[in-house]
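Student: Predicted model, plus sequence, below.
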Amino acid sequence: MFQKIIVPLDGSKQAESALKPAAFIARAFQAAIKLDMVEEMPPHLSKDEWELTQDEVLDRNRRESEEYLRALCHEMRSDGCNVSYAVLSLGPAAQRILEDVEAERPDLIVLSSHGRTGLPRVVLGSVAESLARQSPCPVMIVGHHSYGERQ
């Protein structure tokens with residue numbers, strides 16, 4: 001039933017709460033998992049970073065994202081998962097993830113809800129809600145308190 005699962009991440013522990021259920025499903029169906037992370041500009045730079053160009057900041061952030069995803073992949077592989085990763089280009093997260101979904105054609109997307117409500121949700125938008133409405137495949141939204149932190 002499931003052969004490929006995409007798990008969008010943003011580097012937060014809340015987003016990582018989708019990893020356990022995704023791994024469980026992947027092992028049950030012998031499915032592959034792909035971890036997606038969208039490039040982003042940091043909200044602020046330290047004084048030491050003021051002299052860096054935008055490209056240098058993006059390159060540094062991309063390297064950090066790749067290291068983070070490589071570490072998660074290593075951990076998940078040791079738990080018996082077939083997992084890969086991609087750092088998606090800078091842009092609106094939901095849009096970039098949907099572009100990858102169109103290219104990869106997964107059978108399922110598993111992601112965490114950050115639990116925002118009210119004004120923060122209106123201002124920031126909801127990646128989970130956008131994916132649930134626009135995805136061509138099923139989307140499983142995991143409450144970030146449901147499974148606790150990674151072990």
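Tutor: The structure has been received and is ready for your questions.

Student: Can you list the low-confidence ranges for this structure?
Tutor: Low-confidence segments of the chain, defined by pLDDT under 70: 41-52, 54, 115-125, 144-151.

Student: again, only this time at 90
Tutor: Along the chain, the parts satisfying pLDDT under 90 run over 1, 12-14, 39-61, 90-91, 112-129, 142-151.

Student: In it, which helix is the longest?
Tutor: helix 54-78 (DSSP state H).

Student: So what's the gap between that one and the chain middle?
Tutor: 12 Å (Cα atoms, centre = their mean, to the nearest Å).

Student: could you say what helices and strands it packs with?
Tutor: The helices and strands touching helix 54-78, judged by 3 or more Cβ pairs under 8 Å, 6 or more residues apart in numbering; DSSP states H and E, are helix 19-29, strand 32-38, strand 82-88. (Glycine included, C-beta is placed from N, CA and C.)

Student: repeat that with 7 Å
Tutor: strand 32-38, strand 82-88 (3 or more Cβ pairs under 7 Å, 6 or more residues apart in numbering; DSSP states H and E).

Student: partners of the last one, with directions?
Tutor: Right, strand 82-88. strand 32-38 (parallel) (DSSP bridges).

Student: can you list contacts of the strand it pairs with?
Tutor: Applying Cβ atoms under 7 Å, 6 or more residues apart in numbering, the external contacts of strand 32-38 come out as 3-11, 22-23, 26, 65, 69, 72-73, 76, 81-88, 91, 93, 96-97, 100, 104.

Student: Kindly report the same for stretch 68-81.
Tutor: Residues external to stretch 68-81 that are found in contact with it (Cβ under 7 Å, 6+ apart): Gly11, Leu19, Ala23, Ala26, Arg27, Ile33, Leu35, Met37, Val83, Ser84, Tyr85, Val87.
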